[in-house]
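Visitor: This is a predicted model, with the sequence first.
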Amino acid sequence: PMGLMTAVYSQLARGLLDNSAYRICLNPECGILFTPHEKGRRSDTSYCSSECQERAKRLRYVARHSEK
């Protein structure tokens, strides 16, 4: 019987073997591991979704304007 961690490691190994590009979402509130092609995203994307990209953009804006 496969446990949860066995399934996770199996999926990770399969991705590494077929040369999938795993990435960590750059949104500081997210940070999940994703592959762009699974989500139908561009191969050079840095965020797991457009929602995460917008959230990160908003966080940068707030940080930039709260310093003044």
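Guide: Perfect, thanks for sending it. Numbers count the residues shown, from 1 in each chain.
Visitor: how many neighbours does Cys52 have?
Guide: Using other C-beta atoms under 10 Å, Cys52 has 21 other residues around it. Every residue, glycine included, has its C-beta placed from N, CA and C.
Visitor: Can you find which helix in the protein contains the most residues?
Guide: If you go by DSSP state H, the chain has its longest helix at helix 50-66.
Visitor: Could you list the buried residues of it?
Guide: Residues of helix 50-66 classed as buried: Cys52, Gln53, Arg55, Ala56 (neighbour count, 16 or more other C-beta atoms under 10 Å).
Visitor: Does anything pack onto that helix? Which helices or strands?
Guide: Applying 3 or more C-beta pairs under 8 Å, 6 or more residues apart in numbering; DSSP states H and E, we find helix 50-66 packed against no helix or strand.
Visitor: can you list contacts of that helix?
Guide: Here helix 50-66 makes contact (C-beta atoms under 8 Å, 6 or more residues apart in numbering) with Cys25, Leu26, Asn27, Pro28, Glu29, Cys30, Ser46, Tyr47.
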